[in-house]
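> here is a sequence together with a model predicted from it:
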Amino acid sequence: MKIHIPNSAFLGNIESFTKHFDPTDDSILEVTSNQSWISVHPLVISMIIALAEEIRLKNGQVRCNTFNAKSRPYLLRMGLIEALDPNHGIQIDEHESSGRFIQARRITTSDELNQFITDMVPLLHTTPEQAYPIKYVMSELVRNVLEHSKSDVGAIVSAQYFKKSNRISIGVADRGIGIKEAINRSYTAKTDEEAIDLALRPGITGTTTRIGGTEFNAGAGLFFTKSIAKVSRDFFLIYSGNSFFKLHKTNSNKNVELFANPRLDRANLKSDGLPNWRGTAVGIDISMDINQDFQDLLGMIRNAYHLDVKRANKEKYRKPKFV
Amino acid sequence: MEIQLYKYSGDFAENKDMARKLRIEQIEPELKKSHEVVVDFKGVTSATQSFIHALISQTIRDFGVDILENLTFKNCNEKIQTVIEIVVEYVQDGIFTEDDEA
C-alpha cells in the first residue's frame, strides 16, 4: 500500500489525500509526505494509523520518509510519527502544546471508549454545552466500530480543535468489513454507494429489517451524527469500500433542514475514482460558534426521524411518564 | 423500585452494554412482578439515543406499550427527555406497523 500525505487534506478537499492512496499489496505500507508544510484533518491521521496498525498486526513492513515539514511537531503530537516509526527519536517542547490535540488512540473495548471520552473532554477546553455533541459523536461512531466492523485494529480515533475556524474536527477509522457487508446481513445493497445511502437513513441497521431495530441497535447513530454536522453547518464524510458520502457546509443565510433521505442533502455520494478503503472511515467538523443548542437539534431530529410507517394507529401510542 | 442511573452510567449515559444489563437484571424482573420502576436520571447530564434504546426498547416490545404506565423517568433534563420521547415513538412505530402487517 502507498500513501502520500499532502500539504493540505481536510474534509472539503479530502481527494488530495485519497487520490494518492494505493491499497494494493497489503504486506507493506510506504508513506511519503509533503516536505514543507502539512496540515490535515484528524480523519487522515486516523486512516493512516489504522493502516500502519493493520500492517504491524500482519507482521508487514511500514516505511516512511523523514518528516521534514515544519508542522512535524503537530504530527508528532497527533501520534502519527510514533505510529509510523516508533524509533523516530524526534523531541519536541511539551510546552508548545495548547492541549487542544487529542492524540490518536486505538480503542478496542467499551471500557476503553468510556475512558477515552472521560480523558478527551477536558483537553478540548469546551463548555459543557459544546462538549455534548462531541461526546455524542465519539460514542456513536466508536460503538458502531466495536459492534459491527469486526476490525482487527478496533477504532482509531483522533481529534483537534482549530482555533482559527473555532471548530472541533474528529476522525474515526477502522479496517473491518465495511458498511456494505455489515448492512447486507439484512439488506441487499449492490454497491458501496447504495450501502452508505441505507446506513445514513434513520431506522436502518444491518442487524434486522424490522422497523425500530433490535433490542441493541436502532440504526440511528449515523443519522444523528450527520445531523449534528448539518446543524453545525459543517462537513461530514463517511468513506467505505470505493464510495464516500460528503455532506457540504450549509450557508449561513440558509435554514438548516434535516432529511431522513441523505440524497436530499447538499452532498456528494460518489464512487468514481476512489481507491478501495477496506472498513469505514468517518470525519466530522463541529463548529463551536454554533448558535443552535443541542436541545433544538434534538427537536429537529425528532421531526426528521420518519420511519416511513403508517401512523394509522396513532391513537394507540403511549407517551413516556416524566416526574 | 427506583434505579439511580448515575451510579451506573456517570454523567454521560452512553454505555449500551450497561443499559442492556440494567434492563435485563433490574427493570424487567420488577415489571414482571407488576411493580412500578422509576429510572432516576439525577446527575446524568446527557444520554445517547443508543443508550436509551438499549435501556427500554425491548421492554416496550416484549411487555407492550401499556408498560409505559409502570415505567417512570425522573429528573430528566430537557435533552434527555427528548431522546426518550424519540426512542419511545419509533419503537411504537415498529410495533404498530407489525400489527398492521399481521
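In hand now; what should we look at? Predicted, not measured: the structure shown is a model, and the values here were computed from it.

> just give me the neighbour total for residue 72.
Because you didn't say which chain, this covers chain A. As a burial measure, residue A:72 scores 19 neighbours (other CB atoms under 10 Å in any protein chain shown). Every C-beta, even on glycine, is put in place using the N, C-alpha and C of the backbone.

> not quite, go with chain B.
Residue B:72 is flanked by 16 other residues according to other CB under 10 Å.

> next one: residue B:33
By the criterion of other CB under 10 Å, residue B:33 has 8 neighbours.

> buried set for stretch A:128-135?
Judged by neighbour count using 16 or more other CB atoms under 10 Å in any protein chain shown, the buried positions of stretch A:128-135 are A:130-135.

> from the residues you listed, which single one is nearest residue A:193?
For those, the closest approach to residue A:193 (CB to CB) belongs to residue A:133, at 27.2 Å.

> list the contacts for that closest one?
A:228, A:232, A:286, A:294, A:297 (CB atoms under 8 Å, 6 or more residues apart in numbering or on different chains).

> how far away is the last one from residue B:92?
Computed with CB to CB, to the nearest Å, the distance linking residue A:297 and residue B:92 is 23 Å.

> ditto for the fourth one
Relative to residue B:92, residue A:294 is positioned 24 Å away (criterion: CB to CB).

> how many residues are close by residue A:285?
Residue A:285 has 25 nearby residues by other CB under 10 Å.

> beta partners of it?
Judged by DSSP bridges, the bridge partners of residue A:285 are residue A:169.

> out of the buried residues of stretch A:128-135, list just those in helices.
Mapping the buried residues of stretch A:128-135 onto helices (DSSP state H) picks out A:130-135.

> any chance of CSV for these, columns distance to residue A:43?
Formatted as CSV, those follow (distance: CB to CB, whole Å):
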residue, distance to residue A:43
A:130, 20
A:131, 20
A:132, 21
A:133, 17
A:134, 15
A:135, 18
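
> which of the contacts of residue A:133 come close to chain B?
Intersecting the contacts of residue A:133 with the contacts of chain B gives residue A:294 (criterion: CB under 8 Å from any CB of the partner chain).

> mind checking which of the contacts of residue A:133 are in helices?
Per DSSP H, the contacts of residue A:133 map to helices at A:228, A:294, A:297.

> within range of chain B, give me the residues from the stretch 101-250 of chain A.
A:110, A:114, A:117-118, A:128, A:132, A:135-136, A:139-140, A:143, A:202-203, A:210-213, A:215-218, A:220-221, A:224.

> apply the buried test to those and list what passes.
Buried residues within these, counting neighbours by 16+ other CB under 10 Å: A:110, A:114, A:117, A:132, A:135-136, A:139-140, A:143, A:202-203, A:211-213, A:215-218, A:220-221, A:224.

> coming back round to it: quickly name whichever of the contacts of residue A:133 is closest to residue A:29.
Residue A:29 lies nearest to residue A:286 out of the contacts of residue A:133, by CB to CB, at 30.2 Å.

> residues touching that closest one, list them.
A:133-134, A:137, A:167-170, A:228-229, A:232, A:234.

> same deal with residue A:12?
Residue A:12 neighbours (CB under 8 Å, 6+ apart): A:235, A:248-249.

> so it: helix, strand or coil?
coil (DSSP: H, G, I helix; E, B strand; the rest coil).

> can you pull the phi/psi pair for it?
phi -70, psi -30 (degrees, to the nearest 10).

> can you show me the strands along the chain?
Here I'm looking at chain A. A:2-5, A:8-9, A:28-33, A:39-40, A:61-64, A:101-107, A:155-162, A:167-173, A:236-241, A:243-247, A:267-270, A:277-287, A:321-322 (DSSP state E).

> switch to chain B, that's the one I care about
Going by DSSP E, chain B shows strands at B:2-4, B:12-13, B:37-40, B:46-47, B:71-74.

> adjacent strands (with direction) for the last one?
Strand B:71-74 has the following strand partners under DSSP bridges: strand A:321-322 (parallel), strand B:37-40 (parallel).

> of those, which is nearest residue A:153?
Of all these, strand B:37-40 sits nearest to residue A:153, with 36.1 Å by CB to CB.

> start to end distance for stretch A:119-136?
14 Å (CA to CA, to the nearest Å).

> and stretch B:36-56, by the same measure?
End-to-end distance for stretch B:36-56: 14 Å, by CA to CA.

> what is the mean pLDDT for it?
Stretch B:36-56 comes out with an average pLDDT of 96.

> check which residues of it are buried.
Neighbour-count burial for stretch B:36-56 [16+ other CB under 10 Å]: B:37-41, B:44-56.

> then stretch A:31-38?
Within stretch A:31-38, the residues that qualify as buried are A:31, A:33-34, A:38, counting by 16+ other CB under 10 Å.

> hmm, residue A:75 is touching residue A:83, no?
No. Using CB atoms under 8 Å, residue A:75 is not in contact with residue A:83, being 10.0 Å away.

> distance of the residue in the stretch 101-250 of chain A that chain B sits nearest to relative to residue A:34?
Per CB to the nearest CB, residue A:212 is where the stretch 101-250 of chain A lies closest to chain B, at 2.8 Å. Note on residue A:212: its distance to residue A:34, by CB to CB, is 48 Å.

> cool, residue A:84 as well?
Counting by CB to CB - residue A:84 and residue A:34 are separated by 15 Å.

> retrieve the pLDDT associated with residue A:290.
At residue A:290, the predicted lDDT confidence score is 64.

> residue ranges with poor pLDDT in the chain?
Defaulting to chain A. A:93-99, A:290-292, A:306-313 (pLDDT under 70).

> try chain B instead
Ranges of chain B meeting pLDDT under 70: B:98-102.

> nearest to chain A: which residue in it?
In chain B, the residue that lies nearest chain A is residue B:94 (2.8 Å; CB to the nearest CB).

> and the residue nearest to residue A:239 when sequence neighbours are not counted, how many neighbours does it have?
Nearest-residue entry for residue A:239: residue A:281, 4.6 Å, with adjacent residues in sequence omitted and distances by CB to CB, 6 or more residues apart in numbering or on different chains. Neighbours of residue A:281 under the rule other CB under 10 Å: 24.

> more crowded one of residue A:294 and residue B:92?
residue B:92 (23 against 20).

> would you confirm that the more buried one contacts residue A:315?
No. In this structure, residue B:92 is not within contact of residue A:315 by CB under 8 Å, at 11.4 Å.
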